[in-house]
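# structural data only, the sequence is not supplied:
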């Protein structure tokens, strides 16, 4: 008796979720459609001003590249590590979990001051461009989210059986990792990547203190002085990041159905 | 003699060091408001001599050196704060320099920190505009390079560092801004704000533990309720009563909350409140200087000791303190440091004065010394979380 | 207990040094970019301006009003983490379970990715525009339902308002983290349980929750940490009535009024301690919840 249609309780929850998440966005939308002169509905001025602002596009580009870079570095660093710890050194799991909480405790301003001090003598290509220094800082910020996502993912599959099966068939560690394990934790890795993308597209303190011009610093400038444009920008950035996530999803998924893969234990 | 009078006398004493008497200053402001000149005894000779060197001639060598550097890095200068937008655009077009504007909404602490952290980097700030409680420590720490602009003498002594490491740029007083469409009757004093008609309507510009305009709001409330610049407790108490009455909304009053009508009354700097009227005409924002408590404060300019473009930095200062720069600030509804000098030399267009609230109210202004501010902040830090 | 099933036993002793070596890049990175700035904070908490050690700053954090601020921050974090976990789980399960169209899951997870980081002033403004004194929902309630929440003591500019607003990023965070774990909850188990006559509640109590518990606990800690360190949203919404530790740290570290970096570091050290305690509670719970599965 496989369920064919959506369960009634599921409908209720989905409607509740939709209402809670969409109503504040609608409120922002209504404000953004007010005319700047008359403070009444309806005018697309705020949107038009943002879209024609050269800074908007320039900073989005920087932040996007930065987030892709952060995602790649994070995955390269955290997937093998988490895999290894789950497989060989499970005693280290709480240690890693604890380390993953440290970024929450270090205030961003302390982090950036410490990092700026530490890497002052670093070569220009690392220090002066956002793609060096900022990316490394963002990997740290993404660490908790990546780690706990991957952790949940690794817990939900039978790691040892998969590894042993793969190895008994003659695969190397690398093959095991990339062709057996990774597809199985795809959902978790994607979830972590989504969070990383959102973090980088939203991180303000470090970028502004290190004096880089990223999308969040642009948003902050608009927020403080242009209310209607700020509301329009909030919605535009929401849509843009959402579109980016969908793109990530389709790149990362290929043929969806992680549930089916898990069932082949 | 009351405490606050002692402080006020101190302020006027310092002005007298420059040869101006209290009555002369008041007469000058009233006169400036009416567009008249004034002659007064001992001060006029001094004033005349200042007027001579007031020729506003910026050394050509400096301009050339600055142009060679080609760029100026500034930090924490919002365009709608005391008309910095026009300062920046005028400077750029007048001298052909490009400007890199970092972190427009940065705090004073972040400005000093940027000087420290980005030392040696070409992106480091050349100049800063910080609150006085950050200017002093910054100077002592060696973050600023001393520099005397051409018009140095006409900056009041109480508004500059004796070693020329920082200098006051403009001052304003705390005003009550309100949405005239939604708020009737118009609030004219702190006492008015307690009226039940203003339930859920009054906001500050931030938390006094981090916003200098909010601290000044508490100072002004203190002055209005029997306190002084030495005694800030009545101010804290006022906000406690405002909250108990249900009138105080604890949200940060920003352009967004003003435009949306969510904070129909905002206690903030007069120059910011007055600028809202121009920015959001539909909201019909008006500003009153509270009749029972007029508190003023100034910010400080400084050149970074590690400025990547030191000549451009000096040129920027010369520009800001020239008549043109000072009037741009006045256009932004703030009182520039050289206000008295400009008034005396009849350089202020009547329209600019008319755009400000009555100068009789401004004449009541009280300032606090850095020591008094520090003591008040400690009190606020301890007591504000319990209002 | 369960040591016979420990993975180390299978891989053999000689592999252990190699195992640690594989973690080298990670630890090197963590050392350079995480530990050193973090250590800077911890050490700084015990120093005073101009050098020299002191306990004064830490001692100050143990007095009022900071103790109240710690308690409030912890309280809000517990409530939003707990609420986020429960509601997020329900929503995620509703979207992922059998019978729900595929696009709902895709929409929900991608939306959650964005919403999980929608915070700060834009979020505060969105909720003010919704539930503020002239917000659209408030207006609707006032005009069409005859009920004015502000007359009955509700305000968005207070602790409850902050908690409601925090849910906007806590729930999506939970959805994203728990979704892969729900994938591991096979549909066959639900089927089998209902075939055996179990109600939904019994399924959850005996199968669903126990299987998901380790991941739920991990998500709870993440949500707690996320809320614990958040400050911009609360400041934008209720900067003058809700006083949280991360906000106070900002005041002393990067404000326009106060400046006391060592005290700020002492406050951060206190946050460190709280998270350490949470972690210490989490580890045995985590071990217990996973015990029966291996």
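Cool, the structure landed. These numbers were taken from a predicted model, which means no experiment stands behind them.

# got the residues of chain B near chain A?
Neighbours of chain A within chain B, by CB under 8 Å from any CB of the partner chain: B:75, B:78-80, B:102-106, B:110, B:113-114, B:117-124, B:254-256, B:258-261, B:280-283. (Each C-beta comes from the backbone N, C-alpha and C, glycine too.)

# low-confidence regions, the stretch 1-150 of chain C specifically.
Applying pLDDT under 70 to the stretch 1-150 of chain C flags the ranges C:1-19.

# do a quick rundown of the helices in it.
With helices called from DSSP state H, counting those that start in this stretch, the stretch 1-150 of chain C shows them at C:7-11, C:16-22, C:24-30, C:36-44, C:56-61, C:66-96, C:102-115, C:121-131, C:136-144.

# does any part of whichever strand or helix holds residue C:175 sit near chain A?
Assigned by DSSP states H and E, residue C:175 belongs to helix C:159-183. Yes: applying CB under 8 Å from any CB, one finds helix C:159-183 touching chain A at C:167, C:168, C:171, C:172, C:173, C:176, C:177, C:178, C:179, C:180, C:181, C:183.

# what subset of these is buried?
Buried by 16 or more other CB atoms under 10 Å in any protein chain shown: C:167, C:168, C:171, C:172, C:173, C:176, C:177, C:178, C:179, C:180, C:181, C:183, out of the residues of helix C:159-183 next to chain A.

# touching chain B at all, stretch C:64-80?
Yes: judged by CB under 8 Å from any CB, stretch C:64-80 comes into contact with chain B at C:65, C:68, C:69.

# picking up where we left off before, so which of the helices of the stretch 1-150 of chain C is the most packed in?
Compared across the helices of the stretch 1-150 of chain C, helix C:121-131 shows the largest average neighbour count, a mean of 26 (mean count of other CB atoms under 10 Å in any protein chain shown).

# show me what that helix is packed against.
helix A:8-32, helix A:215-225, helix A:227-253, helix B:255-260, helix C:136-144, helix C:159-183, helix C:232-238 (3 or more CB pairs under 8 Å, 6 or more residues apart in numbering or on different chains; DSSP states H and E).

# dump the ones you listed into TSV; add distance to residue C:34 as well.
Listed next are those as TSV, based on distance: least, CB to CB, whole Å:
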stretch	distance to residue C:34
helix A:8-32	33
helix A:215-225	21
helix A:227-253	25
helix B:255-260	35
helix C:136-144	42
helix C:159-183	21
helix C:232-238	22
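
# quick one: residues contacting the spatially most central residue of chain C.
With distances taken as CA atoms, centre = their mean, residue C:223 lies nearest the centre of chain C, 1.4 Å away. Residues counted as contacts of residue C:223 (CB atoms under 8 Å, 6 or more residues apart in numbering or on different chains) are C:77, C:80, C:81, C:84, C:85, C:170, C:173, C:174.

# report the contact partners of the nearest residue to it once chain neighbours are set aside.
Spatial nearest neighbour of residue C:223, excluding adjacent residues (CB to CB, 6 or more residues apart in numbering or on different chains): residue C:81 at 3.9 Å. Going by CB under 8 Å, 6+ apart, residue C:81 touches C:170, C:220, C:221, C:223, C:224, C:226, C:227.

# what's the distance between residue C:81 and residue C:61?
23 Å (CB to CB, to the nearest Å).

# what's the answer for residue A:136, then?
Distance of residue A:136 to residue C:61, computed by CB to CB: 31 Å.

# where do the strands of the stretch 151-300 of chain B begin and end?
Ranges of strands in the stretch 151-300 of chain B, per DSSP state E, counting those that start in this stretch, are B:167-179, B:202-204, B:248-252, B:265-269, B:285-288, B:296-304.

# these two touch, right, residue B:144 and residue B:167?
No: applying CB atoms under 8 Å, one finds residue B:144 not in contact with residue B:167, separated by 10.1 Å.

# report the set of residues contacting both of these two.
With CB under 8 Å, 6+ apart, residue B:144 and residue B:167 have common neighbours residue B:302.

# looking at these two, which is more packed in?
With neighbours defined as other CB atoms under 10 Å in any protein chain shown, residue B:144 and residue B:167 compare such that residue B:144 has more, 28 against 24.

# dump the residue contacts of that one.
B:128, B:135, B:138, B:165, B:166, B:302, B:303, B:304, B:305.

# ok, residue A:185 next?
Residues counted as contacts of residue A:185 (CB under 8 Å, 6+ apart) are A:79, A:150, A:153, A:154, A:157, C:180.
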